[in-house]
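J.: next come a sequence and a model predicted from it.
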Amino acid sequence: MAECHTGKHMIYSLYFIVLLICLYTARHYWFTLNRLFGFQRHPYLDIDTADWPPVTILVAAHNEEKVISNILSTLMMVKYPEDKMLVIPVNDRSIDRTKEIIDQFVEKFPGRIKPFHRSSGKGGKAAALKDVMAMVDTEVILIFDADYIPGAGLIKQLVAPFFDPEVGGVMGRVVPFNVGTNLLTRILDLERSGGYQVDQQARMNLRLVPQHGGTVAGVRRSALRDIGGWNDNTLTEDTDLTYRLLLHGWKTAYQNRAECYEEVPETWPVRIKQIMRWAKGHNQAMVTYSLRLLFGRHQATLRERIDGTLLLGVYAMAPLTLVGWILALGAFYQGAAPLHGILALLCLTAYASVGNMAAFFEIAAAVRLDQNRRRIRLLPFLIVGFLVSIVAVSRAAVSQTIAYFTQAELHWDKTERFRKVA
C-alpha cells in the first residue's frame, strides 16, 4: 500500500513537471511567432534629434586591464553632446593595471572622464555601483561592463526611452564580437541572437517584462531612488533591478536596434562559472519576488505578473527536468502505473529532443531576422550548449540550496577576459 501511495505521488509530481515543460515550450513558440509575424514595437526608434539630457555613464571594472582602454576610447567618440556626458569608470578593488590605465584617460580627456577608485568595501558589482552613486547627479544613468564596445549612436538610442516618464529602465541588444574564435563562441552568438532578437523583442511587443541586463542598459535616478537603490546582496543586480522596478510601477524598455558588442567566454570552464552565477542570482530573485509579483498589490498587469513569474523560473527548469527524468524512470521500473510512466517518460524525452526545438526554433528565427542564414548550420551544436547548461544550472541549484542551510556566503565570480592587454 505504501509503495502504491509513493507511486501516485511520483506520477502527480511528474505530471506537474511535464505541465511546466509544456508551458515553457509554448512560451518559446509564442515569442518566436510573434517576432516573425506580429506587430513590432519600436516606440523610441525615431528619436534622433532632441534636447538631450545630461547623462552619466558608469563603466564597471574589476581587474580589467585587458579591456578597459577599448571601451573608454570608444565612449570618447560616441555621438552625444560632450558637455552633457560624463564617464565614470568604477574601478572596484582592481589589483592589476586598471587604475593606471583609467588615470591615463583622465589626463587625456580632462572633464569628460571622472574616475571612481574603490580600494575596499563589499565585493560585487552591485556594491560598487551603490558606492559610486554619491558621484552621480544626473537623472539618466547608463551602465556598461568594461568588456563592451558601444556603437557611435548607442548612447542616444539608450537615452531616448527616458523621454517617456513611465520608463524607469532601458536595455539594449548585446552582440558578441569574438564570434569566430571557436565553437563555443559561435554557440553563444546563436544563444544571444535568440535571447535578444526574439525573446526580448517579443516581450517588448507583447507588453510583457523585458529584462534589464545590467550592461548596455540605463536606469532613471529617481526610479532607482524610489526602489531603494542598488541591492548589494544579490549576485545578479540586473534581474533584481528588473523586478523591483516592475513592482514599483516602472517600465523597462528594450531597444533592439541599440547594439553593443561584447566579449563572450572562450573556454567552457569560464562559461560554466558564468552560467552558475546567473542561475544563482536569478534563483535568488525567484525566491524573493515571485509570490509578491503574482499575488501582491502593485500596478503590474496580469500578463506582466504571469510572464514575469515564468521569467523568474527559467533557471529552475533545468533541475526540474533532471528530477522529471528520474521520476519517469522510477515510475516505470517500479511498476507504479506503467502506462503513465511510459507516457511521462516519452513526454520528457520529447522535450529533450523535440520540445526543446522550441528554443532552437527561436534561435533559427533570430538567424533569419539577422539575415545571416549561414549560421543555421551550427544549430545542431546547440545540443552541446544545452547539455552543459542543464548540468551547470542544476549544480548551481544544489550548491545554492546547501549554502542556504549552511548559511554560507554566496561567492561572486568575475568572468575572465581573453583579449590581449592593450
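T.: That came in fine, so what should we check first?
J.: could you pull out the helices for the stretch 51-200 of the chain?
T.: Counting by DSSP state H, counting those that start in this stretch, the segments of the stretch 51-200 of the chain that form helices are 68-75, 98-108, 125-132, 154-159, 183-192.
J.: go through these and name the closest to residue 21.
T.: helix 183-192 (19.4 Å; C-beta to C-beta). (Glycine included, C-beta is placed from N, CA and C.)
J.: surely residue 49 is within a helix?
T.: No: under DSSP: H, G, I helix; E, B strand; the rest coil, residue 49 sits outside any helix and is assigned coil.
J.: so what does it have for phi and psi?
T.: Note on residue 49: its backbone torsions stand at phi -120, psi 120 [degrees, to the nearest 10].
J.: please tell me how far it sits from residue 218.
T.: 19 Å (C-beta to C-beta, to the nearest Å).
J.: next SSE downstream of the worst-scoring helix or strand of the chain on mean pLDDT?
T.: Using mean pLDDT, DSSP states H and E, the weakest-scoring helix or strand in the chain turns out to be helix 338-350, at a mean of 58. Using DSSP states H and E, the helix or strand that follows helix 338-350 towards the C-terminus is helix 357-369.
J.: dump that next one to CSV, restricted to CA.
T.: Only the C-alpha atoms of helix 357-369 are listed here, as CSV (Å, rounded to 0.1, in the frame of the first residue of the first chain):
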residue,chain,number,x,y,z
MET,A,357,13.3,22.6,-30.5
ALA,A,358,11.1,25.4,-29.4
ALA,A,359,14.2,27.2,-28.1
PHE,A,360,16.1,26.1,-31.3
PHE,A,361,13.2,27.5,-33.4
GLU,A,362,13.6,30.8,-31.6
ILE,A,363,17.3,30.9,-32.4
ALA,A,364,16.6,29.9,-36.1
ALA,A,365,14.1,32.7,-36.4
ALA,A,366,16.7,35.1,-34.9
VAL,A,367,19.2,34.0,-37.5
ARG,A,368,16.7,34.7,-40.3
LEU,A,369,15.9,38.1,-38.9
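J.: by contact count, what packs against the next helix or strand after it?
T.: Once helix 357-369 ends, the next helix or strand along the chain (criterion: DSSP H and E) is helix 382-406. If contacts are counted by 3 or more C-beta pairs under 8 Å, 6 or more residues apart in numbering; DSSP states H and E, helix 382-406 sits against helix 183-192, helix 268-295, helix 317-334, helix 357-369.
J.: what helices and strands are in contact with the shortest one?
T.: Pointing back at helix 183-192 there. strand 167-176, helix 268-295, helix 357-369, helix 382-406.
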